[in-house]
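*Asks:* Pasting the sequence and the predicted model now:
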Amino acid sequence: MLTYVAVFAPMVLLPHQWGIAVTLIKFSVIAAVALSWLFTLSVVIAETFPEKNVASVLGICGGVGAGGAVLFNYLIGQYIGSVGPEWIFIVMALLHPLVTILLWTMVRPEIPTKH
(Lines give C-alpha, C1' and ligand atoms only; values in the text may rest on other atoms or scores of the structure.)
Protein backbone atom coordinates (compact mmCIF):
# COMPACT_ATOMS: atom_id res chain seq x y z
CA MET A 1 0.00 0.00 0.00
CA LEU A 2 3.00 2.28 0.44
CA THR A 3 3.59 2.02 -3.30
CA TYR A 4 0.08 3.31 -3.92
CA VAL A 5 0.72 6.24 -1.58
CA ALA A 6 3.86 7.11 -3.55
CA VAL A 7 1.82 7.16 -6.76
CA PHE A 8 -0.89 9.30 -5.17
CA ALA A 9 1.59 11.96 -4.01
CA PRO A 10 1.88 13.60 -7.47
CA MET A 11 -1.89 14.16 -7.38
CA VAL A 12 -1.05 17.64 -6.09
CA LEU A 13 0.16 18.46 -9.61
CA LEU A 14 -3.11 17.50 -11.33
CA PRO A 15 -4.53 21.04 -11.58
CA HIS A 16 -1.49 22.16 -13.57
CA GLN A 17 -2.36 21.47 -17.18
CA TRP A 18 0.28 20.15 -19.56
CA GLY A 19 -2.16 19.25 -22.29
CA ILE A 20 -5.15 16.99 -22.69
CA ALA A 21 -3.14 13.80 -23.30
CA VAL A 22 -1.01 14.24 -20.18
CA THR A 23 -4.09 15.03 -18.07
CA LEU A 24 -5.89 11.91 -19.33
CA ILE A 25 -2.84 9.77 -18.60
CA LYS A 26 -2.55 11.22 -15.09
CA PHE A 27 -6.22 10.59 -14.32
CA SER A 28 -6.03 7.07 -15.77
CA VAL A 29 -3.06 6.17 -13.58
CA ILE A 30 -4.74 7.66 -10.51
CA ALA A 31 -7.97 5.72 -11.26
CA ALA A 32 -6.06 2.43 -11.66
CA VAL A 33 -4.12 3.01 -8.44
CA ALA A 34 -7.32 3.95 -6.57
CA LEU A 35 -8.96 0.68 -7.62
CA SER A 36 -5.84 -1.25 -6.62
CA TRP A 37 -5.96 0.51 -3.26
CA LEU A 38 -9.58 -0.57 -2.74
CA PHE A 39 -8.84 -4.19 -3.65
CA THR A 40 -5.80 -4.28 -1.38
CA LEU A 41 -7.80 -2.76 1.47
CA SER A 42 -10.33 -5.58 1.09
CA VAL A 43 -7.51 -8.09 1.47
CA VAL A 44 -6.26 -6.29 4.59
CA ILE A 45 -9.77 -6.50 6.05
CA ALA A 46 -10.08 -10.17 5.15
CA GLU A 47 -6.73 -10.95 6.79
CA THR A 48 -7.33 -8.78 9.87
CA PHE A 49 -10.82 -9.68 11.04
CA PRO A 50 -12.17 -13.08 12.10
CA GLU A 51 -13.73 -15.14 9.33
CA LYS A 52 -17.30 -14.69 10.60
CA ASN A 53 -16.98 -10.88 10.65
CA VAL A 54 -15.31 -10.21 7.29
CA ALA A 55 -18.53 -9.82 5.28
CA SER A 56 -20.02 -7.45 7.86
CA VAL A 57 -16.86 -5.33 8.03
CA LEU A 58 -16.63 -5.14 4.23
CA GLY A 59 -20.31 -4.17 4.05
CA ILE A 60 -19.86 -1.45 6.65
CA CYS A 61 -16.72 -0.17 4.89
CA GLY A 62 -18.56 -0.15 1.56
CA GLY A 63 -21.50 1.76 3.03
CA VAL A 64 -19.28 4.31 4.75
CA GLY A 65 -17.19 4.63 1.58
CA ALA A 66 -20.29 5.26 -0.55
CA GLY A 67 -21.61 7.81 1.95
CA GLY A 68 -18.21 9.49 2.06
CA ALA A 69 -18.12 9.63 -1.74
CA VAL A 70 -21.55 11.31 -1.84
CA LEU A 71 -20.50 13.82 0.81
CA PHE A 72 -17.10 14.43 -0.80
CA ASN A 73 -18.65 14.99 -4.25
CA TYR A 74 -21.18 17.40 -2.77
CA LEU A 75 -18.45 19.36 -0.99
CA ILE A 76 -16.28 19.43 -4.11
CA GLY A 77 -19.17 20.90 -6.07
CA GLN A 78 -19.78 23.53 -3.39
CA TYR A 79 -16.20 24.62 -2.71
CA ILE A 80 -14.23 24.25 -5.93
CA GLY A 81 -15.33 27.68 -7.07
CA SER A 82 -14.38 29.38 -3.81
CA VAL A 83 -11.15 27.65 -2.76
CA GLY A 84 -9.88 26.56 -6.17
CA PRO A 85 -8.85 23.14 -7.42
CA GLU A 86 -5.34 23.29 -5.94
CA TRP A 87 -6.53 22.91 -2.34
CA ILE A 88 -8.88 20.09 -3.21
CA PHE A 89 -6.11 18.12 -4.90
CA ILE A 90 -3.79 18.79 -1.94
CA VAL A 91 -6.40 17.35 0.43
CA MET A 92 -6.94 14.37 -1.87
CA ALA A 93 -3.19 13.74 -2.05
CA LEU A 94 -2.96 13.74 1.76
CA LEU A 95 -5.89 11.39 2.45
CA HIS A 96 -4.19 8.16 1.34
CA PRO A 97 -0.99 8.75 3.36
CA LEU A 98 -3.18 9.56 6.37
CA VAL A 99 -5.12 6.31 6.00
CA THR A 100 -1.89 4.37 5.50
CA ILE A 101 -0.53 5.75 8.76
CA LEU A 102 -3.81 4.86 10.49
CA LEU A 103 -3.69 1.32 9.12
CA TRP A 104 -0.05 0.96 10.06
CA THR A 105 -0.77 1.90 13.66
CA MET A 106 -4.02 -0.05 14.02
CA VAL A 107 -3.28 -3.35 12.27
CA ARG A 108 -1.05 -5.55 14.38
CA PRO A 109 0.70 -8.74 13.30
CA GLU A 110 -1.06 -11.90 14.31
CA ILE A 111 0.56 -13.77 17.16
CA PRO A 112 -0.25 -17.48 16.96
CA THR A 113 -1.63 -19.01 20.13
CA LYS A 114 -0.34 -22.33 21.39
CA HIS A 115 -2.96 -24.99 21.98
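*Replies:* The structure has been received and is ready for your questions.

*Asks:* Roughly how far does the most centrally placed residue in the chain sit from Thr40?
*Replies:* With distances taken as CA atoms, centre = their mean, His96 lies nearest the centre of the chain, 4.8 Å away. The gap separating His96 from Thr40 is 11 Å, by CB to CB, to the nearest Å. The C-beta positions use only the backbone N, C-alpha and C, and glycine is treated the same way.

*Asks:* Val107 and Val43 touch, don't they?
*Replies:* No: contact status for Val107 versus Val43: not in contact, 11.6 Å apart, counting by CB atoms under 8 Å.

*Asks:* got any residues that touch both of His96 and Thr40?
*Replies:* Taking CB atoms under 8 Å, 6 or more residues apart in numbering as the contact criterion, the residues that touch both His96 and Thr40 are Tyr4.

*Asks:* Which residue ranges of this protein form helices?
*Replies:* Taking DSSP state H, the helices of the chain run over residues 2-8, 20-48, 54-83, 85-106.

*Asks:* Output the contacting helices and strands for the shortest one.
*Replies:* With contacts defined as 3 or more CB pairs under 8 Å, 6 or more residues apart in numbering; DSSP states H and E, helix 2-8 has these neighbours: helix 20-48, helix 85-106.

*Asks:* which stretch among those helices comes nearest Ala69?
*Replies:* helix 20-48 (11.3 Å; CB to CB).

*Asks:* could you check the angle helix 54-83 makes with that closest one?
*Replies:* 150 degrees (axes from the mean of the first three to the mean of the last three CA atoms, to 10 degrees).

*Asks:* any idea how far the residue nearest to the centre of the chain is from Leu102?
*Replies:* In terms of CB to CB, His96 sits 11 Å off from Leu102.
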